[in-house]
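> Just the structure for this:
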Amino acid sequence: MGSGIALKNNVIVTRNGNLIEAYSINSDGIATLSSSFTIPNDLGYSTYIAYGDYILVSLSNYSNFGPSLAVIKLDGQGQLKLVDVIGLERQPNAISTEGSTAILGYPGTKQLQILNFSE
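Okay, here's the model as predicted:
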């Protein structure tokens, strides 16, 4: 397992390189893989954060958009699915989230960007 963060409903999401995996934890404490999502190598991911139902992944090279923010949702059955990709003007170095609001910080500036996302 790579780096991980616990989400709600006894699900743990981990990242190992470009693979994001969701594991459901049963009442005996046993983890079972419930879903996985691969970020293609050419997208150049850097930062990711998980909170509640969402995982946000900062991408440095999404298609013709350049820097972008991928929004991945963890549904009630522990399944991961890409719900949106938001183009950004530049690559953030810090991401935070609350519900369906992302707060992005950028290097060399005291300015924050607030994005609202939904399905």
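> Okay, now the unreliable bits of the protein?
Across the chain, the ranges flagged by pLDDT under 70 are 1-10, 41-52, 61-65, 118-119.
> Quick one: classify the residue of it most remote from its centre as helix, strand or coil.
Centroid-distance maximum for the chain: Asp28 at 27.5 Å, with CA atoms, centre = their mean. Assigned with DSSP: H, G, I helix; E, B strand; the rest coil, Asp28 falls in the coil class.
> Over to it: give its phi and psi.
phi -90, psi 0 (degrees, to the nearest 10).
> same deal with Leu33?
Here is the backbone geometry of Leu33 (degrees, to the nearest 10): phi -60, psi 120.
> My guess is it contacts Ile25. True?
No: assessed by CB atoms under 8 Å, Leu33 is found out of contact with Ile25, at 11.4 Å. Placement of C-beta: from N, CA and C, glycine included.
> quick one: which of those two has more around it?
Neighbours around Leu33 and Ile25, counted as other CB atoms under 10 Å, are more numerous at Ile25. The numbers are 16 against 11.
> Endpoints of stretch 69-88, how far apart?
End-to-end distance for stretch 69-88: 7 Å, by CA to CA, to the nearest Å.
> chain center to it: distance?
Distance of stretch 69-88 from its chain centroid, counting by CA atoms, centre = their mean, to the nearest Å, is 7 Å.
> May I see the buried residues of it?
Of the residues in stretch 69-88, Leu69, Ala70, Val71, Ile72, Lys73, Leu74, Gly78, Leu80, Val85, Ile86, Leu88 count as buried by neighbour count, 16 or more other CB atoms under 10 Å.
> Check which helices and strands the helix or strand hosting Ser60 sits against.
Secondary structure from DSSP states H and E places Ser60 in strand 54-62. Judged by 3 or more CB pairs under 8 Å, 6 or more residues apart in numbering; DSSP states H and E, the packing partners of strand 54-62 are strand 45-51, strand 66-74, strand 80-87, strand 94-98.
> Cheers, nothing more for now.
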